[in-house]
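> When you get a sec, could you give me coordinates for this:
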Amino acid sequence: MQDFQAKNLKFKLAVGEIVRQEREKNTGKSLNTFAHEYEFDRGNLSKIERGIYGIQLLTAWKLCEALEIKFSDFAKTLEEKLGEDFKFFDE
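Predicted coordinates:
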């Protein structure tokens, strides 16, 4: 169970880092401004970027649209950040 929790945290931190980097790079907007303009809850977005909250597929898709990136590019970046050997379940 502890291994799964560590992997879950690693996943959430990676997602958050990508979202924050893309927000800063693609929009140049602060978290508050970005959240307001695209109708995201500022507190939840902050928690996603800090790896505290996990992200649902629908939210990820909406964020990708707001960040002007393809969802597939987001997923590829996430895979690269986590590494080829990352798996939630051991074989």
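> For stretch 61-77, give the mean pLDDT please.
When the per-residue pLDDT values of stretch 61-77 are averaged, the result is 97.
> For that stretch, which outside residues touch it?
The list of residues contacting stretch 61-77 from outside it, by Cβ atoms under 8 Å, 6 or more residues apart in numbering, reads 18, 19, 22, 23, 26, 27, 34, 38, 40, 55, 60. For every residue, glycine as well, the C-beta is placed using N, CA and C.
> Can you classify the residue nearest in space to the middle of the chain by secondary structure?
Central residue check for the chain by Cα atoms, centre = their mean: the C-alpha nearest the mean position is that of residue 15, 2.8 Å away. Three states are possible here, and by DSSP: H, G, I helix; E, B strand; the rest coil the one that applies to residue 15 is helix.
> secondary structure class for the closest residue to it other than its chain neighbours?
Among residues not flanking residue 15 along the chain, residue 55 sits closest, at 5.4 Å (Cβ to Cβ, 6 or more residues apart in numbering). Classification of residue 55 by three-state DSSP places it in coil.
> So residue 55 sits against residue 48, correct?
Yes. With contacts defined as Cβ atoms under 8 Å, residue 55 counts as touching residue 48 at a distance of 5.5 Å.
> Just give me the neighbour total for residue 87.
Summarising burial for residue 87: neighbours were counted as other Cβ atoms under 10 Å, giving 10.
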